[in-house]
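Engineer: predicted model, plus sequence, below.
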Amino acid sequence: MKAAPFEYVAAKTAAEASKALGSAGATTAAIAGGQSLLPMLNLRVALPDCVVDLNGIEELREVAVKSDTVRIGALATHAEIEDGLFANVFGGLMQRVASKISYRAIRHYGTIGGSVALADPAADWPGCLMALGATVRVSGLKGLRSEPVESFVQGQYQTSLAPDEIIVGFDVPRQAARLRWGVFKVVRKSGAFASSIAFAVAGSDGRPASVVLAAATTRPHLLPKVAEALGAAKASDETIRRAIAEDVAALVPNDDAYSMRLHTSTVLRSVQEMQRA
């Protein structure tokens, strides 16, 4: 099966893209790497009147490493991040995450902005950026705005993007001290969608821990009890395990016993890796 006919617009600026995406009476879609949209077009799951190509917008490629923030353009590919696009400023966390996304061929085309905009519950970047406390920068007909990734991703394939808006990039806080982190991801086979992903992040200077569980519900979630337990002085292994069990149960109370054990184990392994760092 091939895609249904649609108009194609190659935007050169964010303003051009927003104008095309906001066309009255038209169903529109933005395309960057196309690793999710192209299959949906060919299967006719997506039937837009107009597809707006974002690849010609240079401002979406901006990468700036500052003393307190790293700015990552939405068109940064998984492969570029894996290969050290903005140096090792997060202790290798983002390189690790990028390297475990699907296959290298996919990583050459898939983009960090496209991943967050799609908001697949099993995607890696929304949970990782949430754990790092990142904000997303959005451009639309009303101008620029910023929003924490935590609130930007609202549910399964749901974000706060208006029809005319596109993701420009992300601002990720950078700590002066060494970042301690742990990641654990469960996939049934190489390149498959994750069944469970957990991220644990903390600063070696006493920065409060942040723990996120993804692929368990319709969106990634922060785990507040686990973060609180990790912040306590000399927190015991039993205390941390109890906090993990409580947070997971609050998110997936109706899940089966296998899923509960799976997500609990995923979070525990990410926390243990962080503690060893």
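Structural biologist: Yep, that arrived.
Engineer: then stretch 111-126 to PDB, C-alphas only?
Structural biologist: Extracted in PDB, the C-alpha atoms of stretch 111-126 (Å, rounded to 0.1, in the frame of the first residue of the first chain):
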ATOM      1  CA  THR A 111      15.200  12.900  15.500                       C
ATOM      2  CA  ILE A 112      14.900  13.800  19.200                       C
ATOM      3  CA  GLY A 113      12.200  16.400  18.400                       C
ATOM      4  CA  GLY A 114      10.200  13.900  16.400                       C
ATOM      5  CA  SER A 115      10.300  11.300  19.200                       C
ATOM      6  CA  VAL A 116       9.000  13.800  21.800                       C
ATOM      7  CA  ALA A 117       6.400  15.200  19.400                       C
ATOM      8  CA  LEU A 118       5.000  11.800  18.700                       C
ATOM      9  CA  ALA A 119       4.900  10.900  22.400                       C
ATOM     10  CA  ASP A 120       4.900   7.200  22.000                       C
ATOM     11  CA  PRO A 121       4.600   5.700  25.500                       C
ATOM     12  CA  ALA A 122       7.500   3.400  24.800                       C
ATOM     13  CA  ALA A 123       9.800   6.100  23.400                       C
ATOM     14  CA  ASP A 124      13.200   6.800  25.100                       C
ATOM     15  CA  TRP A 125      13.600  10.500  24.800                       C
ATOM     16  CA  PRO A 126      10.500  11.800  26.600                       C
END
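Engineer: what's the mean pLDDT across it?
Structural biologist: Here stretch 111-126 scores 97 as its mean pLDDT.
Engineer: again, but for stretch 28-47
Structural biologist: For stretch 28-47, the per-residue pLDDT averages 93.
Engineer: wasn't Arg71 part of a helix?
Structural biologist: No: counting by DSSP: H, G, I helix; E, B strand; the rest coil, Arg71 is not found in a helix; it is strand.
Engineer: three-state assignment of the residue lying closest to it once chain neighbours are set aside?
Structural biologist: Using CB to CB, 6 or more residues apart in numbering and skipping residues adjacent in sequence, the residue nearest Arg71 is Ala64, 4.2 Å away. Heads up, the C-betas are built off the backbone N, CA and C, glycines and all. State at Ala64, reduced to three classes by three-state DSSP: strand.
Engineer: where do the strands of the protein begin and end?
Structural biologist: 7-10, 28-31, 50-53, 63-65, 69-73, 135-140, 143-148, 153-155, 158-159, 166-173, 179-187, 194-203, 210-214, 221-222 (DSSP state E).
Engineer: of all these, which one is nearest His263?
Structural biologist: Nearest to His263 among those is strand 194-203 (5.1 Å), distances taken as CB to CB.
Engineer: okay, now the nearest residue to Leu118 once chain neighbours are set aside: neighbour count?
Structural biologist: Spatial nearest neighbour of Leu118, chain neighbours left out: Ser36 (5.3 Å); criterion: CB to CB, 6+ apart. If you count neighbours by other CB atoms under 10 Å, Ser36 ends up with 19.
Engineer: residues touching Ser36, list them.
Structural biologist: Gly114, Leu118, Asp120 (CB atoms under 8 Å, 6 or more residues apart in numbering).
Engineer: by neighbours, which of those wins?
Structural biologist: The most crowded member of those, judged by other CB under 10 Å, is Gly114 (25 neighbours).
Engineer: could you find the closest non-adjacent residue to that one?
Structural biologist: Going by CB to CB, 6+ apart, Gly114 has Ala32 as its nearest residue, at 4.3 Å.
Engineer: quick one: that neighbour and Ala76, what's the gap?
Structural biologist: 10 Å (CB to CB, to the nearest Å).
Engineer: tell me, what's touching these two both at once?
Structural biologist: Counting by CB under 8 Å, 6+ apart, the residues touching both Ala32 and Ala76 are Thr111, Gly113.
Engineer: those two: which is more packed in?
Structural biologist: Each of Ala32 and Ala76 has its neighbours counted (other CB under 10 Å); Ala32 has more, 26 against 22.
Engineer: these two touch, right, that one and Ser115?
Structural biologist: No: proximity of Ala32 to Ser115 does not meet the contact threshold set by CB atoms under 8 Å, at 9.4 Å.
Engineer: so how far is stretch 110-129 off the chain centroid?
Structural biologist: 3 Å (CA atoms, centre = their mean, to the nearest Å).
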